[in-house]
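Asker: Fold the following, please.
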Amino acid sequence: MKPNYSFGCSSSMPNGCLLNPEGSRMIFFEECKNSPKPNLKIHTHLFYTNHLGEPGGYKSSEKLKIDSA
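Answerer: Below you'll find the predicted structure:
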């Protein structure tokens, strides 16, 4: 059974990267492989970006519940 996610305009778990409006930070979403299906967790990795909007430096990581991610 695939969970139903009601946040944003997508019904799937976050996947990939988002760039903030200023272009100074990027967040990368990654599924936790060992996370149990009823309680899915997502790794989020925050990076500083360079002038091209590419990762330029690591800031932090968190392991979040799917709703928080």
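Asker: On the C-terminal side of the least confident helix or strand in the chain by mean pLDDT, identify the next helix or strand.
Answerer: None of the helices or strands of the chain scores lower by mean pLDDT, DSSP states H and E than strand 16-19, at a mean of 85. Next helix or strand after strand 16-19 toward the C-terminus (DSSP states H and E): strand 25-31.
Asker: now that following strand: how far from the chain's centre is it?
Answerer: When C-alpha coordinates are averaged (CA atoms, centre = their mean, to the nearest Å), strand 25-31 and its chain have centres 4 Å apart.
Asker: Which positions in that strand come out as buried?
Answerer: Within strand 25-31, the residues that qualify as buried by neighbour count (16 or more other CB atoms under 10 Å) are 25-29. Quick note: C-beta positions are derived from backbone N, CA and C, even for glycine.
Asker: Turn these into JSON lines, including distance to residue 62.
Answerer: What follows is the buried residues of strand 25-31, written out as JSON lines (distance: CB to CB, whole Å):
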{"residue": "25", "distance to residue 62": "14"}
{"residue": "26", "distance to residue 62": "14"}
{"residue": "27", "distance to residue 62": "10"}
{"residue": "28", "distance to residue 62": "11"}
{"residue": "29", "distance to residue 62": "11"}
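Asker: Quick one: residues in contact with the least confident helix or strand of the chain.
Answerer: Contacting residues not belonging to strand 16-19 are listed as 25-29, 49, 53 [CB atoms under 8 Å, 6 or more residues apart in numbering].
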